[in-house]
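Engineer: Build me a structure from this.
(chains A, B, C and D)
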Amino acid sequence: MESMIHDMAERLFRDHIGHGLREGAAAGQCPEALWTRIEEAGLPMALVPEEAGGFGVPAAEALGLVRIAGAHGLPLPLAETLIANAVLARAGLTLPGGRLTIAEGAALRLDRRGAAIHASGPLTLVPFARWADRIVTIAALDGVDHVLSLPVKDLTVTPAQDLAGMPRDDAGVDLALTDADAAPLPRSLGGMRGLGALARSLATAGAMETILSMTVEYANDRVQFGRPIGKFQAIQHYLATMAGETAASRAAAEMAADSYDTPAFALTVAAAKSRSGEAAETVGALAHQVHGAIGYTQEHALHHFTKRIWSWRDEFGTELDWTRELGRAALSSPRDTFWHFITDSTAQGIPA
Amino acid sequence: MESMIHDMAERLFRDHIGHGLREGAAAGQCPEALWTRIEEAGLPMALVPEEAGGFGVPAAEALGLVRIAGAHGLPLPLAETLIANAVLARAGLTLPGGRLTIAEGAALRLDRRGAAIHASGPLTLVPFARWADRIVTIAALDGVDHVLSLPVKDLTVTPAQDLAGMPRDDAGVDLALTDADAAPLPRSLGGMRGLGALARSLATAGAMETILSMTVEYANDRVQFGRPIGKFQAIQHYLATMAGETAASRAAAEMAADSYDTPAFALTVAAAKSRSGEAAETVGALAHQVHGAIGYTQEHALHHFTKRIWSWRDEFGTELDWTRELGRAALSSPRDTFWHFITDSTAQGIPA
Amino acid sequence: MTLTAFPPPPPGADYDDLRQEVRAFLAEELAGFPPEKRAESWNGFSRAFSRKLAQRGWVGMTFPREYGGHARSALERYVVSEELLAAGAPVISHWIADRQSGPLILAKGTEEQKRAIVPRIAAGELCFCIGMSEPDSGSDLAATRTVATEVEGGFRVNGTKVWTTYAHVADYMILFCRTGKSDDRHGGMSQFLIDLKATENIQISPIIDLGGEHHFNQVIFDDTFLPSDALLGEKGEGWSQVMSELAFERSGPERFLSSFALIEELIRVLRQDATEAQQAEIGRLSAHLMVLRQMSRSVAGMLNEGKNPALQAAIVKDLGALYEQDIPRLARSLVSRPAVPGGRDSYAAVLAYTELAVPSFSLRGGTREILRGIIARGLGLR
Amino acid sequence: MTLTAFPPPPPGADYDDLRQEVRAFLAEELAGFPPEKRAESWNGFSRAFSRKLAQRGWVGMTFPREYGGHARSALERYVVSEELLAAGAPVISHWIADRQSGPLILAKGTEEQKRAIVPRIAAGELCFCIGMSEPDSGSDLAATRTVATEVEGGFRVNGTKVWTTYAHVADYMILFCRTGKSDDRHGGMSQFLIDLKATENIQISPIIDLGGEHHFNQVIFDDTFLPSDALLGEKGEGWSQVMSELAFERSGPERFLSSFALIEELIRVLRQDATEAQQAEIGRLSAHLMVLRQMSRSVAGMLNEGKNPALQAAIVKDLGALYEQDIPRLARSLVSRPAVPGGRDSYAAVLAYTELAVPSFSLRGGTREILRGIIARGLGLR
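Structural biologist: Numbering: from 1, shown residues only, chains lettered A, B, ... in the order given. I've put the predicted structure just below:
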C-alpha cells in the first residue's frame, strides 16, 4: 500500500528515534521534542474523520501509523492519542490537542449529580498516563456508554512501568465532569479494550518486523565456527519460524484494522490480539536464541523491542482473555457449522 | 542393568518377530507359535512372587520385559498376562496359564447371589480380548476391591481394533463367579488402570527406542541433495528432540516400575503415562517427518511402531486423565510447598 | 519487509452469492455423507460428484471460455475450493486436473493438447495424476532417473515413479523425467502428457499407506512408447515448468483444512458445555484459522493481480501444515476420548482417521525443510 | 541404546535426614525472603549466606577432608543443591567455586594451589568467576583471542573477556586463553587461576542485562602480569581441561529449576479453586519436573559411580532448558494477570522477573544448537 502519511512517518521516525532516545525514555525522560514534530506532522489526527479535522485517509491507512511506530520503537503515546481523538470525535467532544492516552473504564462508577457527571474509581495499567494531558475512557451511565475526557492533573497518578520501562501507571478518579468532558457514544467503535487491543497488535506486528530484520542481519554478520551463523540450518529454521509468526501477526492486525468500525471488528480484533500475543512469545524467544548473549544486554537495541512486544501482550486483554471471548462466540454461534462461523467472522457487513 | 531374562527375551523376540509376523497380526492372525515359545520361556510368570511360582526377580526387572516387548513390536498380550498373573497371585487365585488380558472394571456391577458373585456390565477397549482365555479385572463389592478372572468364552465379545490393527475389543459380562474366579484383593497394587498405564508407558518407551534407532539409521542411509540427510542440521535437531523425549519416557516409565507396589506408585505412574503419551506425539511425528513418504507406507516397519505408541496413549487413561489426577494431587497437597510435593511424590516409603 | 506483508483480499472477495449457491449444492449432494468420509478431505474420490460440480460451472472456473472454462477470477475459485474442503466433499477425481494440470496445459500445451484435454477437465471428466517422485528422488527432483529417449515418432520411457496419487484410476498422467544427459543438475528435464488408458507397458501397482488406504501407487515404465505429441511444453524445459507448476500447488485452502472434519467434530462435542479453558483453546484454534485463511486469500488476491507471491505462499504453506498437523494433539488435550478406527462414535472415528493422516500433510508439494529454506533465503539470508 | 537409558538413582538417594536439616536451615535463614528475590535463583548474591551454609558443612561437600571438604557423595551434594535452588536461596557467591572451580583446582591444580584455595572455597569465603567468552567467541571457544605470553617469572595477558558473571565482586577468576599459536584450533590453550584482588591492570566494567541487572561484566586484560604459579594445570592443555570442566556444568538441578519461583507462585494462585484444565496443566508441569529430576539424579548417580554420562547430561540440559524457559508461557496460559516489574503483587513481580530472565537460560554452558549436535552425534549420526 503506497501511502504518503506512512512515508512521512517512516522518515520522521527513522531520522529522530535511536537507541539513545529509547533508552532515555525507558529511564523516564519523555522525548518532548519528538512529540512536537509528531504533532506538527498532524499524525495524532489521522484517524479522525475529515469533518472533525482529520486527513480523510481510510481508517486502515491511519492505523498503519501504529504499526510503523511499533517498528521504530516509538516511546510515546501516538497510538493512544490517535484512538483517543477518534473516540472523542465520535462522541462530539472537543479534541484538546497534546498527548492523550486511553484506559479501560470498566471499573469506573458514574453518577449524575445535577448537570455534572461524577466519575470515581480506579484506572489501571494506563499507558503513558504521567506523560499525557488527558486520559480518554469509556464507562457506562444508566446502561449507555459514555466517553470521558479526564485531565491527568486532576487524577491521582501512581507511577509504574512495563517490562520495557515505559510508563504504565495507575490513576485514581474522583471527579465531576461537565458536558465538555463527558458525552454519550452514539455508535460503538468496539470499546476501549478492543481499540487498545487493535493498537497493540499493530504495534506488535511492526516491532516484530524490526526484530526479524535485526535478526537476519545479525545472522548474516556474526561468524561462529568459521562461517556466518545464518549458514546453519537450525538458524534458518528459527528465522523462517519468526517470519511465519511475524507475517501472521501482521495479517491478523491488518485484518482487524480493515474491519475497524464494522461489525466484524469484535471477532477480528480478538483474533488479532491473541495471535500477535502468541507470536510475541515465539518471535522474542527465537530472536534472543539467535542473538545469544549480545542480545541479552542493554547495549543492543533488541531488548527494547522484545520487551515491548512482551509488555503489550498484557495490555487491553491477554491472549487468554481474547481467545476465551472468541471461543465463546464460536461455541455459541447459531451458525450451522463452525465453518460458517469462520467465514462470517471476517466478512464485512454480517452482524458478528 | 544386566539381566538374564532380558537377554533371553531380546533373543527370543529378535529371532521370531519380523515385519511379516506383525503385519499378519494386524490382519487378524494370532501368532500362536510365538506365544508357545514365550510361555515355554516362562516370561508370563516374571512378575509373580517366587512363592507363587515366579522367578524371584525384582519387579522392576520383570517389568523390563514389557519395554523389551514394546521395542520389538510384539503383537501379543505378554504385558497383560504378566500383570494378570501378578494380580491373581496377590488375590490368592489360581494362575490358569495361557493368554490373559486385563481390563478396567469400573463399569462392572457385582452382587452377591448365594455363594456366588454375580458380575454384569461392559468392559471396554480390552486389549487382545478375543485372543485371550481370560480377562482379569478389579471391581468393587461392598466397597472392597475384588479380583475377577473372567473366561472369555463366557463373555459377549465385540471385536474392534486399535490404530495399529491390534485387537482391542469390548466385552459384555453377565456371569456368576465362584471362589475360584473371584476374591478380595488384600493389598492394592494400584488398580488395573494404574497397572495397565505402567505397562503402556514401558512399552511406549521401548517402541520409541526402536523408532529412534530406525530413524537414525534411515538418516545415515538416505541420500538427498548429494549427502545423507543426517548431515542436515534440521534432521539432527529432530533426532536430538526424539532422543530427549524417548529418554524422558524411559526414565519416567522406569521410575514408575521402580515404585511398583509402593505408595509412590500412584503419582509416578501418573507422571509416566502422561509423559510417555506426550512424547509419543512428538516422537511419532518427527520419525515420519524424517522418513518422508517411505515411512508412510505399510511396506516399511515404522508405521507399526508409531501406530502402537499412538494407540497406547488412549488406553488405561489418556494424558488428560493422568495429568488431571496428578495436578489435583499437587494442588491439594498438604505439603508446605510444591517443591515438597515433588520430592515426596517420588520418595519411597512416604505416603502419597 | 514485503515478505511479511499480506495485503487484505480485495473488498467483495467474499462472493457471498456464489458461496451460498455452493453451500446449498453441498447441503443437497452431501446430505448423509458421514463425518468419517468427510475426514478424507481432498482424498475422497467420486467421479459422479466431480461431474455434478462441473455441471454447475465449478470446475475449470478460471479457464478461458474457449476451452470450456468459465473465465472467473481466482478469488471466486477460492470460494468454491474452500467450501468444498470445509464440507469434506470428495474432490480428488477432478482436483489435481483443476488445480495443477489444467493450468499447466493451458500455459505450456499445444493448441491441440488444449482443445483435446482442457474442456474435458472443465467437464469434471478427467482424473489426473502427477508422475514426479522416484525411489531415490523425494524432495530432490534433480535426482530424477526416469528417462525418455527420443525414437522414431516419439519417445521410449524407462524408469519408476512412486507415491503417484490415484494413478490406479487416473485418465492422464503428467510425467516429469529426463530427456537428456546434462551436467546441469536441472537441465535436460521434460514433461509429458500421458493418456494412461491408451498407453501400453505401464505397470501400476498399489502402495498401501499406514492407514491401510490405497491412494499411492508405484508406476513402472518399461520401454513405454509415447508419441511425439505427448511432449508437454519445451523439451529440456521441464525443470522451470515444474517450478512454476509447484507454485499452483501452494498456499490454497487445502494447505490448512485437511483436518477440518476433526475440528467440526471437536466443536460439536464441546458445544454443549465447554469450560473456560476449552473455550480459550477453541478461540485460539479459531484465531489461527481466521488468520491463515486471511493470508491464503491474500495470496490468491495477489495471484489474481498477476503478482508472484512465491515467498508468501511458502509461509502460508508452512504455517498451514503445522496447523493442520497439530489438530489431533489439540483435540486430545481437550477431550479424553479414545480414537477408534471406524468406530460408531463419529468423533472417535474421525480422530482415528486424522491421526493416521497427519504424517502425510508435510509430504505434499515440498517438505517442511525445503519450504523453510525458501523462506530463509527470501528473508535475505546470504 | 544406552543413550536413552537413565538408571534410577540408587536406593537411599533421598537422604531424607539431610534434606530435612537443609529445609529447617533454609526456613530460618530465608524467613521473610520475598518471592521476587527467590526468583533470582542462583543469581542471588550473599556472602553472609554462603558462609553460614559453609558452617553447616554444605559447601565443598564432595571435596576431600584434607582440603577442608566433607567427603560426602555427589548424591548428598545433589540434595543440598536442589533444596537451595528450589527455595531460591542466594547462592552465587559460592556456587561457581563449589560446583566448577573447586573441582577443577582439585583435579588439575598444584598442591600449593589446592592448599591455598580449596579450604577457603569450602568455608564459603571465595567467589569465583570464569573468564571464558570473548566478543568474537561465543559458543566457539576455538576462536579465543586473549593471549598469555610467557615472560620472566610468569605471563603477560592481553585481551578482552565478556559475559563474566559477577567478576565485579569475585575474588578469583579462572581464565581460559591462548598460550601459543597453534595450527590445531584446539591447541595452545591454557587456564590460569587469577587472584582478582591482588592483580593489577585488569579493568572490569559492567554489562547491564535486559532486566536492568548487573550480573555480567567485561574484563579487559592490558598487559596484565600473572606469576608462573597462576598457571592452572598443564600449559597447552586448556582445551581438554575446559571440556571436562564443562561436564560439571551440565545437568544438575540448576538446569531446570531456574523458573521455580514462578511455579510456586502459580500454584499458590491456583491452589484455591483450579479448574480441571488448570489441574491438568499443573499435572503436566509436575510430571515433567518429576521426570527431569529423576533423569538429573540418575546422571548424578552415574557420576558418583565414576561413569561418564556426557550424552545423558546433554539430554537433561536440553530438556531442562526447554522446560524452564517455557514456564512463563505456561503461567500466562493459565492465569490472565499482567506482569508488573517490582509490583506489589508477588505473582506479577515474579512473572515479570522471570519473563526477562528466560532468554539467558539457553546461553549458559553451551547453546541449544551445540547441545543438540552433541546428542545427534551420540546417537550414531555419521
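Engineer: Show me where the chain has its helices.
Structural biologist: In the absence of a named chain, chain A is used. Along chain A, counting by DSSP state H, helices occupy A:4-16, A:19-26, A:32-40, A:59-72, A:78-90, A:191-221, A:233-258, A:265-291, A:302-313, A:319-331, A:338-346.
Engineer: my bad, chain C
Structural biologist: C:16-29, C:35-38, C:47-55, C:74-87, C:92-96, C:102-108, C:111-122, C:238-248, C:260-270, C:276-304, C:310-334, C:346-357, C:368-378.
Engineer: number of nearby residues for the residue of the stretch 151-300 of chain A found nearest chain D?
Structural biologist: With C-beta to the nearest C-beta, the shortest gap between the stretch 151-300 of chain A and chain D falls at A:H288, namely 3.6 Å. For glycine as for every other residue, the C-beta is placed from the backbone atoms N, C-alpha and C. As a burial measure, A:H288 scores 26 neighbours (other C-beta atoms under 10 Å in any protein chain shown).
Engineer: returning to that earlier point: in JSON lines: the helices of chain C, plus mean neighbour count.
Structural biologist: Listed next are these as JSON lines, based on neighbours: other C-beta atoms under 10 Å in any protein chain shown:
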{"stretch": "helix C:16-29", "mean neighbour count": "15"}
{"stretch": "helix C:35-38", "mean neighbour count": "20"}
{"stretch": "helix C:47-55", "mean neighbour count": "18"}
{"stretch": "helix C:74-87", "mean neighbour count": "23"}
{"stretch": "helix C:92-96", "mean neighbour count": "26"}
{"stretch": "helix C:102-108", "mean neighbour count": "22"}
{"stretch": "helix C:111-122", "mean neighbour count": "18"}
{"stretch": "helix C:238-248", "mean neighbour count": "19"}
{"stretch": "helix C:260-270", "mean neighbour count": "23"}
{"stretch": "helix C:276-304", "mean neighbour count": "24"}
{"stretch": "helix C:310-334", "mean neighbour count": "23"}
{"stretch": "helix C:346-357", "mean neighbour count": "25"}
{"stretch": "helix C:368-378", "mean neighbour count": "21"}
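Engineer: Show me the longest strand that occurs in the chain.
Structural biologist: Going with chain A. strand A:116-127 (DSSP state E).
Engineer: The chain in question should be chain C.
Structural biologist: If you go by DSSP E, chain C has its longest strand at strand C:214-227.
Engineer: Listing request: residues of the chain with sub-threshold pLDDT.
Structural biologist: If you meant another chain, say so; for now it's chain A. Residues of chain A that meet the criterion pLDDT under 70 lie in A:1, A:348-352.
Engineer: actually it's chain C I care about, not the one you picked
Structural biologist: Ranges of chain C meeting pLDDT under 70: C:1-2, C:182-185, C:247-250, C:364-366.
Engineer: near chain D, which residues of it?
Structural biologist: Contact residues (C-beta under 8 Å from any C-beta of the partner chain) of chain C with chain D: C:T275, C:E276, C:A277, C:Q278.
Engineer: and the first one, how far is that from chain B?
Structural biologist: Spelled out, it's C:T275. According to C-beta to the nearest C-beta, to the nearest Å, C:T275 and chain B sit 12 Å apart.
Engineer: So for the longest strand of chain A, what gets flagged as buried?
Structural biologist: Neighbour counts over strand A:116-127 (16 or more other C-beta atoms under 10 Å in any protein chain shown) mark A:I117, A:H118, A:A119, A:G121, A:L123, A:T124, A:L125, A:V126, A:P127 as buried.
Engineer: Which one of those residues is nearest to chain D?
Structural biologist: In terms of C-beta to the nearest C-beta, no member of those lies closer to chain D than A:L125, at 6.1 Å.
Engineer: The closest one: what's it in contact with?
Structural biologist: By C-beta atoms under 8 Å, 6 or more residues apart in numbering or on different chains, the contact list for A:L125 reads A:A103, A:A160, A:R168, A:D170, A:D314, A:E315, D:P338.
Engineer: Narrow those to those that are buried.
Structural biologist: The neighbour-count test (16+ other C-beta under 10 Å) applied to the contacts of A:L125 identifies A:A103, A:A160, A:R168, A:D170, A:D314, A:E315, D:P338 as buried.
Engineer: which among these gets closest to B:L212?
Structural biologist: The closest of the buried ones among the contacts of A:L125 to B:L212 turns out to be A:D314 (C-beta to C-beta; 40.2 Å).
Engineer: one step back: so who does the residue of the stretch 151-300 of chain A closest to chain D touch?
Structural biologist: Residues in contact with A:H288, defined by C-beta under 8 Å, 6+ apart, are A:G295, A:Y296, A:L302, A:T306, D:P359.
Engineer: Name the nearest residue to the third one, ignoring sequence neighbours.
Structural biologist: If you skip the residues right next to it in sequence, A:L302 has A:G295 as its closest partner in space, 4.3 Å away by C-beta to C-beta, 6 or more residues apart in numbering or on different chains.
Engineer: Quick one: neighbours of the one you found, just the number.
Structural biologist: 23.
Engineer: ok, now C:I208?
Structural biologist: For C:I208, using other C-beta under 10 Å, the count is 14.
Engineer: Setting the sequence-adjacent residues aside, check what's closest to it.
Structural biologist: Closest to C:I208 by C-beta to C-beta, 6+ apart is B:Q298, at 4.4 Å.
Engineer: show me the contacts for that neighbour.
Structural biologist: B:E23, C:I208, C:D209, C:L210, C:G212.
Engineer: Run the chain-centre distance for stretch A:220-237.
Structural biologist: 34 Å (C-alpha atoms, centre = their mean, to the nearest Å).
Engineer: Pull out the buried positions in it.
Structural biologist: Judged by neighbour count (16+ other C-beta under 10 Å), stretch A:220-237 contains these buried residues: A:220, A:222, A:224, A:228-237.
Engineer: can I assume A:R187 is in contact with A:R90?
Structural biologist: Yes - between A:R187 and A:R90 there is a contact under C-beta atoms under 8 Å: 7.0 Å.
Engineer: Tell me the bridge partners for the nearest residue to C:E237 once chain neighbours are set aside.
Structural biologist: Computed as C-beta to C-beta, 6+ apart, the closest residue to C:E237 that is not its neighbour in sequence is C:S190, at 7.1 Å. For C:S190, the beta-bridge partners are C:C177 (DSSP bridges).
Engineer: Run through the residues that contact C:S190.
Structural biologist: Counting by C-beta under 8 Å, 6+ apart, C:S190 touches C:148, C:176-179, C:231-238.
Engineer: and if we set it to 7 Å?
Structural biologist: Counting by C-beta atoms under 7 Å, 6 or more residues apart in numbering or on different chains, C:S190 touches C:A148, C:C177, C:T179, C:L231, C:K235, C:G236, C:G238.
Engineer: Select from these the one having the most neighbours.
Structural biologist: Neighbour counts for those were taken using other C-beta under 10 Å; the highest belongs to C:G238, with 29 neighbours.
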